[in-house]
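Asks: I'd like to go over a predicted model; first the sequence, then the structure.
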Amino acid sequence: KLHTLFNLHEILTTFEKSKYDEHCLIEMHRETEQLRCKYIEGIKNDIEISKAELDQVKIEVNEKKNKIDFDNPWWLQLLIYTNDNGFYENFINKVKGDFITSLSVNSLSCLTYEIQRNIDKQELTRKEIYTELNDIAKFPDLFCVRNVADCCLQSNKNVGSGSCNFCNFERRLELYELMLFSQRCFQSSENEKVSGLRLETEMEKLFKVILSFAKTIDASLSILNQGKEYMKYVDALKKEFKCLRIQFLFYYRQLQLLDELNMCTMRVQLKQNSEENSYTLDGQKLTQYRLLYESEKEAASLELAKRKGQLLYLQNLATVQTDQEGYNHEICPICVDKLGVQWAVFNCGHCICCQCLVELQKHPVSNARCQVIKCPVCRTANNHVSIVVTKQKKPDSFDAHITYKGSHSTKIGAIVRRILWIHEQDSSSKVLVFSSWHTVLNLLSLALKENNVVFRILQGGGNKFQAYLEEFKQSLSINVLLLPIQAGAKGLNIIEATHVIFVEPVLNIGEELQAVGRVHRIGQTKLTFIHRFIICDTIEEKIVEFFKDKQDKSQVEPGYSMTLGDITSLIA
C-alpha cells in the first residue's frame, strides 16, 4: 500500500497535477506519511524506553563515581602502604596464588603504571562511546540510511565490518566490552569463535585481591570504604554497558526499518548505461515486461473477484447459519440433512456435512498434481488439506453473551469482550492491560476504539507518560489503561484500578508480581481481579503449565529467570 500511494502521488504530482484536486493529493501524501510513521512507531517507543533506562543507569554510575577519589586512588595508597611496611612480597604471592595474570606485579612502579593506564583507557573509551552514541541517536536522514545500507545492511555483511558510524560504534563498544568483561569463547561447527560467558577481567580480579589483602593488613577504614565504592562503580559500569548495547541495537533496528521503507517506495525504472540494479529494466524488454505484468494483473483481478465472492458468502453465512445454541440449520447440498454442530467448509465457501465429506474422500478426482475433491455446488477443486472442518459449541464463559464490533483475532476479541463485560457489571471499574509486545497493544487499541471504549496507552516516557497516567487515575470516563509489561510493571501506584489483564503469559515471574502489585498494594480497599488469556494447544499453554509445575514444587521465586534448558523444554 505504501509503495502504491507513494509512487502514485509522485507520478500525479509530477505529470498530472493539473487534472487532480489538490486536496486529494494532499490527503494521499498525508496517508503515505501515516503509514511510514506507523511502521516505525514501535521501534521509536522501544528507543524511548531504553533511553530512559540508560539515563537512569548513567545517573547511578555518576553518583558512584563521585564518591571515589581518582586523584589519590585507594589502590595506590594501599600499594604504597604495603611496600613501605614490607608487605609487598606477601601481596605478590597472594596475587600469583589467586590467579595467573599477564600484568607485571613484581615491580610497584610497573604495576601502578599498568593499573592507571587501564583505568584511563576505560574512562576515555566510555566518553568516546557517549559522544558517538549522541551522533547515531539523531534521527537518520535518507543519505545516512543509504550510507549505512551500503556499508553493513546487506545480507552478506555484518555491523562492525564496515566504516560507517554504526560500524565504528560497534567496534568501539566491543573494545569497551573487553575492558569490562573477560569473555570465554566457544568453537562453533563452522570453526568460528562464538562469544560465550562474560567473566571478570584481570583488572577486576586484581582489585578484589588488593581489597582482600587490605583487610588482612589492617589498612585504614577510608581505603577499605573507597575500595568497596570502586567495586560498586565497576558493577554499575557493567550494568550501564548492557543498556548501551540495547540502546545501540534499537538504533540499528530503526535504521533497518527506515531502509526497508526506502526500498519499499522504490519502483522499477529504465536502466541507465551499465546499471545492474535489480529494480532497473532494459528498455528493449519493456514491452515484454508490460505484457507479463498485464497478464498477472488480469489473473490477480479474477482471483480477487473470486475471493470477494467467498467473503460475501461467508459473511452472509455467519449471520444466518447459527442460533443461540450453536446449531447450524443450513442444509447439506448432498444428503439434504441439517449441518448441525459440525461441518466442512471448502475453499469456495460452500459447506457440506462431515458424513458426506468422508464419502467424497473415498472417491477423489485425479488432478495433474494431486488428488482433489470437487465442491458439489460450484465444482471448484479442493485439496484435502485445504478443507476446513468447523465445530460450533455452546458458549462456555460468563461473558459469552457480550457482542463486540469488528473482526479480530480470537484473543483480541476475547479481551475486548471481557472488558465490555467488566463495564457491564460496573461502569466505574478501571482495568489495566499488560502485554510484552507493543504491536499487540496497538492492535488492542484499535479494537477498543472500534467498540467505543475510552482508553489510554502508555508507551515511551516523559511528560506524555505521566499525563496519560494521571488522566486515567482521575477521569471517570477513561477506564482502560494499556501498558507494556517492561515499563508499566515497576514503580507505579495505580490503586484506582481493580482488574488486571495479562494478554499473554509472562516469562519473568517477578515482572508479573510487580504488575499485579500496581493494583494490589497498601491503600487498595477493593478486591483485585486477575484475568489471564491463554490460547489452547499453543506454547502459551506450555508456559502456564511449566510455571504451575514449578510453583507446585516450590521452585519459583519472584526473581526466577528461565534457563536455556527451560526454554528448550518449552519448544521441544
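Replies: Yes, it's here. Numbering: from 1, shown residues only.

Asks: now for the residue most central in space within the chain: which residues touch it?
Replies: In the chain, the C-alpha closest to the average C-alpha coordinate belongs to Trp437, at a distance of 5.8 Å (CA atoms, centre = their mean). Contacts for Trp437 were tallied using CB atoms under 8 Å, 6 or more residues apart in numbering; they are Pro484, Val503, Glu504. All C-beta spots, glycine's among them, are computed from the backbone N, C-alpha and C.

Asks: could you tell me the end-to-end distance of stretch 182-201?
Replies: One end of stretch 182-201 to the other measures 5 Å (CA to CA, to the nearest Å).

Asks: for stretch 379-399, same thing?
Replies: Across stretch 379-399, the terminal residues are separated by 41 Å (CA to CA).

Asks: now do it, average pLDDT.
Replies: The pLDDT scores in stretch 379-399 average 72.

Asks: kindly report the same for stretch 25-37.
Replies: The average pLDDT within stretch 25-37 is 86.

Asks: and that stretch, how far out from the chain middle?
Replies: Centroid separation for stretch 25-37 versus its chain: 26 Å, with CA atoms, centre = their mean, to the nearest Å.

Asks: and it, what's buried?
Replies: Leu25, Met28, Thr32, Leu35, Arg36 (16 or more other CB atoms under 10 Å).

Asks: where does Ile478 land in three-state SS?
Replies: coil (DSSP: H, G, I helix; E, B strand; the rest coil).

Asks: run a quick neighbour tally on Gly283.
Replies: The tally of other residues near Gly283 (other CB atoms under 10 Å) stands at 10.

Asks: ok, the buried residues of stretch 25-37 vs Val544, which is closest?
Replies: Leu35 (36.7 Å; CB to CB).

Asks: that closest one reaches His3, doesn't it?
Replies: No. Contact criterion CB atoms under 8 Å: Leu35 and His3 do not qualify, at 9.9 Å.

Asks: what's the neighbour count on the nearest residue to Ser429 once chain neighbours are set aside?
Replies: The shortest distance from Ser429 to any non-neighbouring residue, by CB to CB, 6 or more residues apart in numbering, is to Ile422 (5.2 Å). Look at Ile422: counted by other CB under 10 Å, it has 22 neighbours.

Asks: mind listing what Ile422 touches?
Replies: Ile422 neighbours (CB under 8 Å, 6+ apart): Ser429, Val431, His499.

Asks: any idea how far it is from Thr498?
Replies: 9 Å (CB to CB, to the nearest Å).

Asks: immediately after the helix or strand hosting Leu258, which helix or strand?
Replies: Counting by DSSP states H and E, the element that carries Leu258 is helix 221-264. Using DSSP H and E, the helix or strand that follows helix 221-264 towards the C-terminus is strand 269-270.

Asks: quick one, helices of the stretch 101-250 of the chain?
Replies: 108-137, 142-148, 165-180, 202-216, 221-264 (DSSP state H, counting those that start in this stretch).

Asks: any chance of the ones you listed in JSON lines, with mean neighbour count too?
Replies: Conversion of the helices of the stretch 101-250 of the chain to JSON lines gives the following (neighbours: other CB atoms under 10 Å):
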{"stretch": "helix 108-137", "mean neighbour count": "15"}
{"stretch": "helix 142-148", "mean neighbour count": "16"}
{"stretch": "helix 165-180", "mean neighbour count": "18"}
{"stretch": "helix 202-216", "mean neighbour count": "18"}
{"stretch": "helix 221-264", "mean neighbour count": "17"}
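
Asks: Tyr289 is nearest to which of the ones you listed?
Replies: Nearest to Tyr289, of all the helices of the stretch 101-250 of the chain, is helix 221-264, at 19.7 Å by CB to CB.

Asks: ok and that closest one relative to helix 202-216, angle-wise?
Replies: With axes from the mean of the first three to the mean of the last three CA atoms, to 10 degrees applied, the angle from helix 221-264 to helix 202-216 works out at 160 degrees.

Asks: what's helix 221-264 packed up against?
Replies: With contacts taken as 3 or more CB pairs under 8 Å, 6 or more residues apart in numbering; DSSP states H and E, helix 221-264 sits against helix 2-15, helix 22-66, helix 74-84, helix 108-137, helix 142-148, helix 165-180, helix 202-216.
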